[in-house]
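>>> generate a structure from the sequence data that follows.
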Amino acid sequence: QVQLQESGPGLVKPSQTVSLTCTVSGDSITTNNYYWHWIRQPPGKGLEWMGAMSSSGSTFYSPSLKSQMSLSRVTGKNQFTLQLTSVAPEDTAVYYCAREITARFEYWGQGTQVTVSS
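From the prediction side, this is the model:
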C-alpha cells in the first residue's frame, strides 16, 4: 500500500525559509511514470497546486511560486522535499504531497500545517 507522510516545522517566522519533506512508502519515487506533487490549502480557500517532480527528477513549478520554491529529493530515503523561501503570512496553509499519474491524484498524505507568524 502506498503511503505519503508530510513533515515540517509547523510554525515559522516571516522571511524565513521553510523545508517540508514527503516520505513515501510502498512505492519508489524514482520508478514508473508517476509525478510527485506539492499542493497547499490556505485557511478558507481552495487547493493550490505548487509544483511536481517526475520519477526521472524533472521539476515543474507553478509560475506564481517559481521564484520562491524549489523541489528536490533524497532517493536513498525515498523522500521528496519542498523548500519555500521568504515566507509570509499568506503562505500559511496545510501542505499536502500527492502521487499522480495521467492526471489522477491517487494517493495523498494527510497534510502538514505551516503557520507563518511572528
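>>> which element, helix or strand, includes the most centrally placed residue in the chain?
Taking CA atoms, centre = their mean as the criterion, residue 38 is the residue nearest the geometric centre of the chain, at 3.0 Å. Using DSSP states H and E, residue 38 maps to strand 35-41.
>>> for that strand, packing partners?
strand 18-25, strand 48-54, strand 93-101 (3 or more CB pairs under 8 Å, 6 or more residues apart in numbering; DSSP states H and E). Heads up, the C-betas are built off the backbone N, CA and C, glycines and all.
>>> switch to 10 Å and redo it
In terms of contacts (3 or more CB pairs under 10 Å, 6 or more residues apart in numbering; DSSP states H and E), strand 35-41 is packed against strand 3-7, strand 18-25, strand 48-54, strand 59-61, strand 69-74, strand 79-84, strand 93-101, strand 104-108.
>>> so what strands line up beside it?
strand 48-54 (antiparallel), strand 93-101 (antiparallel) (DSSP bridges).
>>> thinking again about what came up before, which pLDDT value goes with the residue nearest to the centre of the chain?
Note for residue 38: predicted pLDDT of 98.
>>> kindly report the same for residue 30.
You'll see residue 30 listed with a pLDDT of 93.
>>> that one reaches residue 77, doesn't it?
No - counting by CB atoms under 10 Å, residue 30 stays clear of residue 77, with 11.7 Å between them.
>>> how near is residue 54 to residue 41?
Distance, residue 54 to residue 41, using CB to CB, to the nearest Å: 23 Å.
>>> for residue 22, which non-adjacent residue is closest in space?
Once flanking residues are discounted, residue 22 sits nearest to residue 97: 3.4 Å by CB to CB, 6 or more residues apart in numbering.
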